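Engineer: Return atomic coordinates for the entry below.
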Amino acid sequence: MTSAVEPKPMSGTKAILYAIGSPLALVALVFLPVGRIDGAPGWIFVAVLVAIFGLSALLLARLNPMIYRVRSRFQPGTKKWDLILLAVLFPAMIAEIPLATLDAGRMGWSDVPLWAVLIGYVLLIGGIAVTT
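Structural biologist: Below you'll find the predicted structure:
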């Protein structure tokens, strides 16, 4: 039987770079495909994601710091299947954001009613909250 080893906390510098770099990367994913930064729906999306992920991280770091540290990076013993699954899903999740903003901001391929957008936000926030 192996014993659990508490992972080391992320360095302060790395945490600051992550806290600044992640929202900037999100802004780039949202606004580069559109070609402009004046779209309110894009800023709402960025604000919701930054707020909910930030709140989730703060709560988890305060309530269960060990789980927070474990979730912040790959751990020794991560199963190969998990790595393969992440290698497929992560690029798909990243590609989804610029594709959606290209649709909504420049091309107008689809017309999503406001009620559907609001349900999407409720489900997104609920999903992030449940996994915290």
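
Engineer: For the rest of this, base every contact and every neighbour count on C-alpha atoms.
Structural biologist: Noted.

Engineer: Tell me how far the helix or strand of the chain with the lowest mean pLDDT lies from the chain's centre.
Structural biologist: None of the helices or strands of the chain scores lower by mean pLDDT, DSSP states H and E than helix 65-71, at a mean of 77. In terms of Cα atoms, centre = their mean, to the nearest Å, the centre of helix 65-71 is set 16 Å apart from its chain centre.

Engineer: Packing partners of it?
Structural biologist: With contacts taken as 3 or more Cα pairs under 8 Å, 6 or more residues apart in numbering; DSSP states H and E, helix 65-71 sits against helix 40-63.

Engineer: Is Ser110 within a helix or a strand, and which one?
Structural biologist: Taking DSSP states H and E as the definition, one finds Ser110 inside no helix or strand.

Engineer: Distance of it relative to Asp82?
Structural biologist: Using Cα to Cα, to the nearest Å, Ser110 is found at 34 Å from Asp82.

Engineer: Tell me the buried residues in the least confident helix or strand of the chain?
Structural biologist: Buried residues in helix 65-71, counted by 16 or more other Cα atoms under 10 Å: Pro65, Met66, Tyr68, Arg69.
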